[in-house]
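Colleague: okay, sequence plus prediction incoming.
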Amino acid sequence: MPGAPWRLTAALSPRPVVRVAGVDAYGHALNAYSGHRRVDGEEPGQPWAVYLAGADRRFRLLCFDLDAKTAGRAAAAARDADVLCGLLHDVGLDAVVCESGPTGGRHVWTALAESVDAETVATLARLARHVCPSLDLSPLSNAVTGCVRPPGAPHRAGGRSTVLSGALDALTNPTGTAEQVRRLVEALAQLVDDAEPAHDLDPHRPLPLDEHARLYLPGPRRELPAVSAAALREDAASGDASAVLWRVLIGAAAARWHHADVAALVEDSPGLEHVRTYRDRGDRRPRSRVDAARVLRRQWDKAVKHVASAPRQIGDDPTFDARADAIAAHVRGVQARADASAGRWTTGGGPADRRVLDVLCILALQALSGAVEADTRRLALLAGVGRETARTALLRLSADGWIAQAQEAAGPHGAHWTISPDPVIHTPADTGRSQADPRPAGAGAAERSALLATLTTRAGDATHDLFTLGPGLGHHAGNTYARTTTEPQDLDELAALTGDSPESTARTLDRLVSAGVLVRSRQGWRRHRTDHRTAAARRLDVDGRLDERARRYRIERELWAWWQAEEAWMRAPRRPGAKHRPGRGQLALLPDAGTHAYGPHPRRADGRLDWHEARRIVEQERQGQAHRRRVDEPDPWSAERIA
């Protein structure tokens, strides 16, 4: 019926005006809504869009705009619309689904009888985007300008927004509540956390070892979670001592403790009874110091591996959600600033700089801290660049104000870096909320999980032998590949994502197509359904470069740790009657300062350190460990319950 879409617009619009598309010199409608028209005036002759929030910046309408810019994406938009409709239905919100125009995009509408604050809606949009990749964040992320064409409004390419399901009365007579929206956010948060990857940034890279050859998780040391702290004080002798020990160890590993930190508590902590004694029928009998050390080392390594692979945060810290929300907002701000300065990352050392910045953001999200310890070798391995490249990238990022050095490297510890010039991370204030607008439970943790998954996936896609320098395609090609998907993307979209010019982006894409890792079609560029990077790396004779670099850096790191232990021993005061230092593999439960898993550092006949012999020993040990992992040792912690 003529005029019906305009009357519908007047009935549901939260503001007395709508935005109207501009026109070019030929009278064709543009995809830019620069004009305004009062809803009580005449119907515009070109497309219009209704605001989702009122003048008070509180949302009265929610519309999930699912893009289908190419024919291949229409199915993805329809699939995402079904997912959102199911989620809306589960929380009791009525959904109206429209086909937005001739390309097959979808608009999923729901109306609210109670307004919702902008921060909650922006969180909703970000979490929904993680679950439904075709979602355009813009309308739901800006309470001032966010708008969408309503049902029945014309499309600039022809046709109109057509209702596919749902009743329009649900939009003109809304029943949705703020509580239902919060439940929707919580449901999405659960989905995002369930989808959080359970692997490290590089699944082929082993966990680091401390100076006593025990595994640990990098990051700043924190207090034990409440559950683990309680287990440490629990009278384990009267119950299942091994289960109590496990609760202590997984909490300590998650809090970035080292093996020596736990070993120092063995003598006096009731919860570590399983280390001191073993059950013999109905009694507990003391272990020898050798056996106690063996039990603690074995169970500690299991705990570190478990925490590193677990998809969930260990512990029940009631402050975790707020702290996760704060670090997620901080990293999101850094990433938004970096995306807005896209040209900074396309020439010279820029591609490597962006990778290093992204890795620092990942480490900050993992540690829930804006300041993270990161030595150049570790950064190099995670970013897929050389250590000298990582070092110069840190200097450039620091000079340009992207990061700042919070603490210099000292001894075995790398330098601490803070992302963004402001080292203080503030918990987001609730200034825009009323008492009726509490933060949805789990939203902060889910925002962190979503960001972590996005950045980790992107870093992993860019970090490959194929994208090394020399015969490889280079860092910028890797960064470009990391921003492609298995769905076609056009040149303008990819140029905007990479920050490069369309001409330069086209050349990079052509190189990726020639290498066999991308496919070009009429709709644009896309990846193969299966990963072709390794095959391309073999053709360029660069396969195995990153593994070799990782092996070399691990040896260099162990040699440095061995020297640090030797230096500590030389400077430590000698105890009267002290025996010789323990040899290789003879560490005590709590090693003295200066002891090392490899024993005393080898020396030449003149007493000077023998670096050549030390390297030979470390390389020999590494080769033996690799052989045992391949042949002799099934994974001991994935199936074995702690005895």
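Modeller: Received it, and whenever you're ready, just let me know what you need.
Colleague: so the residue positioned nearest the centre of the chain is in which element?
Modeller: In the chain, the C-alpha nearest the mean C-alpha coordinate belongs to residue 452, at 1.1 Å (C-alpha atoms, centre = their mean). For residue 452, the host element (DSSP states H and E) is helix 443-462.
Colleague: residue 55 versus the residue nearest to the centre of the chain, what's the distance?
Modeller: 36 Å (C-beta to C-beta, to the nearest Å). All C-beta spots, glycine's among them, are computed from the backbone N, C-alpha and C.
Colleague: ok, which stretches of the stretch 351-500 of the chain are helices?
Modeller: 376-383, 387-399, 443-462, 475-481, 491-498 (DSSP state H, counting those that start in this stretch).
Colleague: list the buried residues of the lengthiest helix in the chain.
Modeller: In the chain, assigned by DSSP state H, the helix with the most residues is helix 545-571. For helix 545-571, burial by neighbour count (16 or more other C-beta atoms under 10 Å) applies to 545-546, 549-550, 553-555, 557-559, 561-566, 568-569.
Colleague: ditto for stretch 5-13
Modeller: 5, 6, 8, 9, 10, 12, 13.
Colleague: give me the mean pLDDT for it.
Modeller: For stretch 5-13, the mean per-residue pLDDT is 93.
Colleague: ok, stretch 227-243 next?
Modeller: Mean predicted confidence for stretch 227-243 is 78.
Colleague: same question, stretch 63-77
Modeller: So the average pLDDT for stretch 63-77 ends up being 82.
Colleague: just stretch 360-370 next, same as before
Modeller: 88.
Colleague: centre of the chain to that stretch, how far?
Modeller: 9 Å (C-alpha atoms, centre = their mean, to the nearest Å).
Colleague: what's next to that stretch, contact-wise?
Modeller: With contacts defined as C-beta atoms under 8 Å, 6 or more residues apart in numbering, stretch 360-370 is touched by 201, 218-220, 256, 320, 323-324, 327-328, 330-331, 334-335, 371-372, 374, 379, 382, 403, 417-420, 423-425, 448, 451-452, 455-456, 459.
Colleague: for the residues you listed, which ChimeraX command selects only the ones that are buried?
Modeller: Applying 16+ other C-beta under 10 Å to the contacts of stretch 360-370 leaves a buried subset, and the ChimeraX line that selects it is:
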select :201,218,219,256,320,323,324,327,328,330,331,334,335,371,372,374,379,382,403,417,418,419,420,425,448,451,452,455,456,459
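Colleague: so which of the contacts of stretch 360-370 sit within strands?
Modeller: 371, 372, 403, 417, 418, 419 (DSSP state E).
Colleague: same list (those) but as a markdown table, adding distance to residue 280.
Modeller: Formatted as a markdown table, the ones in strands among the contacts of stretch 360-370 follow (distance: C-beta to C-beta, whole Å):
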| residue | distance to residue 280 |
| --- | --- |
| 371 | 49 |
| 372 | 46 |
| 403 | 56 |
| 417 | 51 |
| 418 | 53 |
| 419 | 53 |
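Colleague: now the lowest-mean-pLDDT helix or strand in the chain, how far from the centre of its chain.
Modeller: Within the chain, no helix or strand scores below helix 611-627, which has a mean of 77 by mean pLDDT, DSSP states H and E. Relative to its parent chain, helix 611-627 has a centroid offset of 34 Å by C-alpha atoms, centre = their mean.
Colleague: what helices and strands are in contact with the helix holding residue 452?
Modeller: In terms of contacts (3 or more C-beta pairs under 8 Å, 6 or more residues apart in numbering; DSSP states H and E), helix 443-462 is packed against helix 118-131, helix 178-194, helix 320-340, helix 350-367, helix 475-481.
Colleague: columns mean pLDDT and distance to residue 26 on top of the helices of the stretch 351-500 of the chain, output as JSON lines?
Modeller: As requested, the helices of the stretch 351-500 of the chain are exported to JSON lines (pLDDT from 0 to 100; distance: least, C-beta to C-beta, whole Å):
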{"stretch": "helix 376-383", "mean pLDDT": "89", "distance to residue 26": "48"}
{"stretch": "helix 387-399", "mean pLDDT": "94", "distance to residue 26": "46"}
{"stretch": "helix 443-462", "mean pLDDT": "91", "distance to residue 26": "40"}
{"stretch": "helix 475-481", "mean pLDDT": "96", "distance to residue 26": "35"}
{"stretch": "helix 491-498", "mean pLDDT": "92", "distance to residue 26": "21"}
